[in-house]
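**Student:** pasting the sequence and the predicted coordinates here, then a few questions.
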Amino acid sequence: MRVHFIAIGGSAMHNLALALHEKGDEVSGSDDTIFEPSKSRLAAQGLLPDAFGWYPEKISTDIEAVILGMHAKEDNPELKRAQELQIPIFSYPEYLYEQAKDKTRVVIGGSHGKTTITSMILHVMHYWEKEVDYMVGAQLEGFDTMVRLTNDADFMVLEGDEYLSSPIDRRPKFHLYKPNIALLSGIAWDHINVFPTFDNYVEQFQIFVNSMTNGGALVYNEEDQTVVDVVENATTHIKRYPYQTPSYTIVDGTTLLDTPDGQMPIEIFGKHNLNNLAGAKWICQHMGVVEEEFYEAIASFKGASKRLEKIAENAETVIYKDFAHSPSKVAATTRAMKDQYPHRKVIACLELHTYSSLNPEFLQEYKGALAAADTAVVFYSPHAVEIKKLDPISSDQIASAFERDDLLIFTAPAAFKAYLFEMSLKNSALLLMSSGNYGGLDFEQLQALL
């Protein structure tokens, strides 16, 4: 097929473009700007646009499908031209469904943990050399791209994002996949710019569950009451498989997982990640991997990119970065650090970067999120608030929301960086949580702190 991407440079979009190119399709695309690593990866395959910008003359009747990214606007010139020519237009998830509609679709949904669970499943499949198609939200060790599409694989594993599909399709992505097998990891209010109330947000997960094929298998976290409520209210005929956090212990900084064959050391840590592991095990069993094989494979799983990723360590200090930004993720990740390093000073630094986290009303959801940290730090940029056209927030509002009298708050990147590089990290565990970069922090420079 000949396929054209409008906004080809996005993390998800460029990976899909690479996957279709690898499959043998003729791929072209446009974007108004493309950053690394997308730029180099597209260039290496000859898919980088000759010039940045939107060029309606690129759209011709020999194009069989246009894939529209969220970065584009409704009045995009190339989109308008495609509509005029009546070329089929797909959102990213719509096109993935088209590629997977004759396969067994395995969709991992939830407010948190979905990238890690999807990564665990793919790690296990890769370990046992089982060929599956997939789409995952992080770059994985041993995988060239975040998307794989073939004609031969029986399964397609999809990370089920609840965010919107495209500028002209306001449905959540995971509503479009119609899973045969699904997992629901947890529900905690997020994306308030799209889902203004908690009930409205939960409704999206109910629609997801109700979109499953009849006779499908739903694996769900029974420790989350909202998840349980959604599962109990399902209107489709599905089989239900609850899971819970398995037993484990921590000995000298190593997590030991209880298995039928005794305790097994694993690379990951944190109660939330052990809960994720239990869900992944159920999914793998539905995909033909028995329990013993799962444990053998998961022992070498080191985590998804940017999820409790160790970036530096010496005898008395360890530094991690994590993508955590929503209240539930921040609380779980901070707790995991303290449980893993109980005899060290845990310094947790959170950047408020998303629309939700910079909303004065939503800020209240962060109450207690940094409670497990010995030192709690929050960074936010007033300039970022301006760019997002949100109401200003003050340091007092942040301090009140987190309910920590000793909370340290920074608004200037230089001041935050100075704080990091001047503090004593003896016998410490430093945790940097953000979906951004603290106003330009080079994480590789943190090696100099040790």
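**Tutor:** Now that the structure is in, tell me what you want to look at. Numbers count the residues shown, from 1 in each chain.

**Student:** what about the most centrally placed residue in the chain, which SS state?
**Tutor:** Among the residues of the chain, the one closest to the centroid is residue 115, at 4.6 Å (C-alpha atoms, centre = their mean). Following DSSP: H, G, I helix; E, B strand; the rest coil, the label given to residue 115 is helix.

**Student:** was I right to think it contacts residue 307?
**Tutor:** Yes - with contact defined as C-beta atoms under 8 Å, residue 115 and residue 307 form a contacting pair (6.6 Å). The way it works is simple: take the backbone N, C-alpha and C, and place the C-beta from them, glycine included.

**Student:** hey, what's in contact with both of these two?
**Tutor:** 138, 323 (C-beta atoms under 8 Å, 6 or more residues apart in numbering).

**Student:** before we move on, back to that, can you pull the contacts of the residue nearest to the centre of the chain?
**Tutor:** Per C-beta under 8 Å, 6+ apart, neighbours of residue 115: 136, 137, 138, 159, 304, 307, 323.

**Student:** the worst-scoring helix or strand of the chain on mean pLDDT: which residues count as buried?
**Tutor:** Least confident helix or strand of the chain, by mean pLDDT, DSSP states H and E, is helix 382-387 with a mean of 80. Buried residues in helix 382-387, counted by 16 or more other C-beta atoms under 10 Å: 384, 385.

**Student:** start at 117, not 1
**Tutor:** All set: I'll call the first residue 117, so the last point we hit is now helix 498-503.

**Student:** okay, stretch 487-504 in CSV with CA atoms only?
**Tutor:** Taking Å, rounded to 0.1, in the frame of the first residue of the first chain, the C-alpha atoms of stretch 487-504 are listed here in CSV:
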residue,chain,number,x,y,z
ALA,A,487,4.9,11.1,51.8
ALA,A,488,7.4,8.2,51.5
ALA,A,489,10.3,10.5,50.6
ASP,A,490,12.7,11.7,53.3
THR,A,491,13.2,14.9,51.2
ALA,A,492,10.5,16.0,48.8
VAL,A,493,11.1,18.4,46.0
VAL,A,494,8.7,19.9,43.4
PHE,A,495,9.8,21.7,40.2
TYR,A,496,7.4,23.6,37.9
SER,A,497,7.9,26.2,35.3
PRO,A,498,5.5,29.3,35.4
HIS,A,499,6.4,29.7,31.7
ALA,A,500,5.1,26.2,30.9
VAL,A,501,1.8,27.2,32.6
GLU,A,502,1.7,30.2,30.3
ILE,A,503,2.3,28.2,27.2
LYS,A,504,-0.4,25.7,28.1
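
**Student:** which other residues reach that stretch?
**Tutor:** Contact partners of stretch 487-504, identified using C-beta under 8 Å, 6+ apart, comprise 447, 450-451, 453-454, 461-469, 471, 473-474, 486, 507-509, 514, 518, 520, 522-527, 529, 532, 535, 547, 550, 552, 554-555.

**Student:** same question, stretch 160-172
**Tutor:** For stretch 160-172, contacts defined as C-beta under 8 Å, 6+ apart pick out 122, 124, 130, 133-134, 137, 143-150, 155, 158, 192-194, 196-197.

**Student:** try 10 Å
**Tutor:** By C-beta atoms under 10 Å, 6 or more residues apart in numbering, the residues outside stretch 160-172 that reach it are 121-125, 130, 133-134, 136-138, 143-150, 154-159, 174, 188-189, 192-198, 200-201.

**Student:** just the residues you listed: which are in strands?
**Tutor:** Using DSSP state E, the subset of the contacts of stretch 160-172 located in strands is 121, 122, 143, 144, 145, 146.

**Student:** and residue 381, what element?
**Tutor:** strand 378-382 (DSSP states H and E).

**Student:** and stretch 557-566, which residues are buried?
**Tutor:** Going by 16+ other C-beta under 10 Å, stretch 557-566 has these buried residues: 557, 559, 562, 565.

**Student:** I'd like the average pLDDT over that stretch.
**Tutor:** Mean pLDDT, computed over stretch 557-566, is 84.

**Student:** from one end of that stretch to the other, what's the distance?
**Tutor:** Stretch 557-566 has its terminal residues 17 Å apart, counting by C-alpha to C-alpha, to the nearest Å.

**Student:** report the distance from that stretch to the chain centre.
**Tutor:** On the basis of C-alpha atoms, centre = their mean, to the nearest Å, stretch 557-566 sits 24 Å off its chain's mean C-alpha point.

**Student:** contacts for it?
**Tutor:** The contact list for stretch 557-566 (C-beta under 10 Å, 6+ apart) reads 422, 425, 427-435, 437, 465, 467, 495, 529, 532-533, 536-539, 541, 544, 546, 548, 550, 553.

**Student:** would you write a PyMOL line that selects the buried entries of the contacts of stretch 160-172?
**Tutor:** This is how PyMOL selects the buried members of the contacts of stretch 160-172, with burial counted by 16+ other C-beta under 10 Å:
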select buried, resi 121+122+123+124+125+130+133+134+136+137+138+143+145+146+147+150+154+157+158+174+188+192+193+194+195+197+198
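
**Student:** follow-up on the earlier one: helices - which of the contacts of stretch 487-504 land there?
**Tutor:** 447, 450, 451, 453, 454, 514, 518, 529, 532, 535 (DSSP state H).

**Student:** tell me the first helix or strand C-terminal of the biggest helix by length in the chain.
**Tutor:** For the chain, the longest helix by residue count, based on DSSP H, is helix 387-402. Per DSSP H and E, the first helix or strand lying C-terminal to helix 387-402 is helix 407-414.

**Student:** against which helices or strands is that next one packed?
**Tutor:** In terms of contacts (3 or more C-beta pairs under 10 Å, 6 or more residues apart in numbering; DSSP states H and E), helix 407-414 is packed against helix 230-243, strand 370-375, strand 378-382, helix 387-402.

**Student:** residue 410 is nearest to which of the ones you listed?
**Tutor:** helix 387-402 (5.0 Å; C-beta to C-beta).

**Student:** then residue 342 would be within a helix, right?
**Tutor:** Yes - with three-state DSSP as the criterion, residue 342 is assigned to a helix.
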